[in-house]
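>>> missing the sequence, but the structure's below:
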């Protein structure tokens, strides 16, 4: 299959619709060789290059007015090494496809985020994570990767081969090159028992350390304008498998969490005065339930209601104070927030620009329904997060710049030095990277 090149300057939009770009041309390479040729040709034409997956980033990390690389032909599993317990997958593979393929092979990732629409390279490059006491982000499960650099060279990276590139490129924000393949650590498929139940905000915050310590994976959602939360605890189980029933699953995961939630958000957008009442009803809509299934069926859930999101990682010990300040801010303000606030955790890792780099972290994510003004809410939330040395998710809305990142990332200079070496002419630059990384 040959490369597809489009000379049309069509408009690209991300999933949320808050970012657009008009590339000079689009290229859909069917092989690594074709991708390297596209990078070299872009250099000859004096154009920048960016790769884009499914557009689930809320930032302009993948936007370009140069050459847009679409990796949808670079998909599938290259190989499984059962002795090393790794799988090597093409970078354009959606996480959903990877999870399904691994399950058929009796294998699984150790941890994952709560959606699986992203490509593996897009998810890892921006630091997508789930929640875990001991297990970290998707990028932290990478054992090796293949990277096309600005001169068209192909680098293979691991802890032993090009280790300085490996340390940074697992979450490279597209600044170091284009990832073409990733090798993940995997394990035999296992069962997780999920326990979902309502809990008050006061109880969750008072007992957070205990809830975190006692569960392998703990997360919760607080509904603004209420004192109510929904909690979720996932722990490994010896079985038996007890999946969510088809009817009850449709009612909770499709009708309530997507269909009805979409409708009430449309109402809230049209009549913001109704939002506090809607929030009180929404916070009581989901009932307690328990189920046991294979990991991706427990970790992930369908998200069909579109929104815009900001998420910050704060030191885990600062979570409760930060969250209480956020709640107080919302209660004092005239804001009307229809989406719940999501809270998750991750252990420290060794990736240069990971939001959990060098410190145990807690994530606080704020959302607003697409089409609803979000700036006032996000600005006020960001002031709270940054006061606690928060690190914004690379793929979600924020206003921070290189000066800020140089203060909250001890290894920021290390990343920049590597970028200078691999991409001195800034072939992979765009406005977003110029803001967050500097020139």
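Okay, I see it. Worth saying up front: this structure is predicted, and the values here are computed from it rather than measured. Numbers count the residues shown, from 1 in each chain.
>>> work out for me the element the residue nearest to the spatial centre of the chain sits within.
Against the mean C-alpha coordinate of the chain, by CA atoms, centre = their mean, the closest residue is residue 128 at 2.8 Å. Assigning secondary structure by DSSP states H and E places residue 128 outside every helix and strand.
>>> ramachandran angles for the residue nearest to it when sequence neighbours are not counted?
In space, and not counting its chain neighbours, residue 128 is closest to residue 113: 4.8 Å by CB to CB, 6 or more residues apart in numbering. (Glycine included, C-beta is placed from N, CA and C.) Reported as degrees, to the nearest 10, the phi and psi values for residue 113 are phi -80, psi -170.
>>> residues in contact with residue 113?
95, 123, 128-130, 138, 299-300 (CB atoms under 8 Å, 6 or more residues apart in numbering).
>>> wait, the residue nearest to the centre of the chain touches residue 395, no?
Yes - Residue 128 is in contact with residue 395 according to CB atoms under 8 Å; the separation is 7.2 Å.
>>> ok, which stretches of the stretch 251-400 of the chain are strands?
Using DSSP state E, counting those that start in this stretch, the strands assigned to the stretch 251-400 of the chain run over residues 289-293, 307-315, 341-346, 361-369, 391-392.
>>> next one: the last one to chain centre, how far?
Going back to what we said before, that points to strand 391-392. Using CA atoms, centre = their mean, to the nearest Å, we find the averaged C-alpha position of strand 391-392 to lie 12 Å away from the chain's own average C-alpha position.
>>> tell me what that strand is packed against?
In this structure, strand 391-392 packs against strand 307-315, with contacts taken as 3 or more CB pairs under 8 Å, 6 or more residues apart in numbering; DSSP states H and E.
>>> again, but for the second one
If contacts are counted by 3+ CB pairs under 8 Å, 6+ apart, strand 307-315 sits against strand 361-369, helix 375-387, strand 391-392.
>>> go through the contacts of residue 113 and flag which are in helices.
Using DSSP state H, the members of these that fall in helices are 95, 123, 299.
>>> now these in a markdown table, with pLDDT, distance to residue 214 and neighbour count?
Formatted as a markdown table, these follow (pLDDT from 0 to 100; distance: CB to CB, whole Å; neighbours: other CB atoms under 10 Å):
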| residue | pLDDT | distance to residue 214 | neighbour count |
| --- | --- | --- | --- |
| 95 | 97 | 28 | 26 |
| 123 | 97 | 28 | 28 |
| 299 | 96 | 19 | 25 |
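>>> isn't residue 213 up against residue 207?
No - when contacts are counted by CB under 8 Å, residue 213 is not listed as touching residue 207 (10.1 Å).
>>> how far off centre is the helix or strand where residue 198 lies?
Element membership of residue 198, judged by DSSP H and E, is strand 191-200. In terms of CA atoms, centre = their mean, the centre of strand 191-200 is set 22 Å apart from its chain centre.
>>> what pairs with it, and is each one parallel or antiparallel?
strand 228-237 (antiparallel), strand 289-293 (antiparallel) (DSSP bridges).
>>> so for that strand, mean pLDDT?
On average, the pLDDT along strand 191-200 is 97.
>>> what does the helix or strand following that strand rub up against?
Under the assignment DSSP H and E, the closest C-terminal helix or strand after strand 191-200 is helix 201-206. In this structure, residues lying in contact with helix 201-206 by CB under 8 Å, 6+ apart are 211, 220, 222, 226-229, 231, 320, 323-324, 327.
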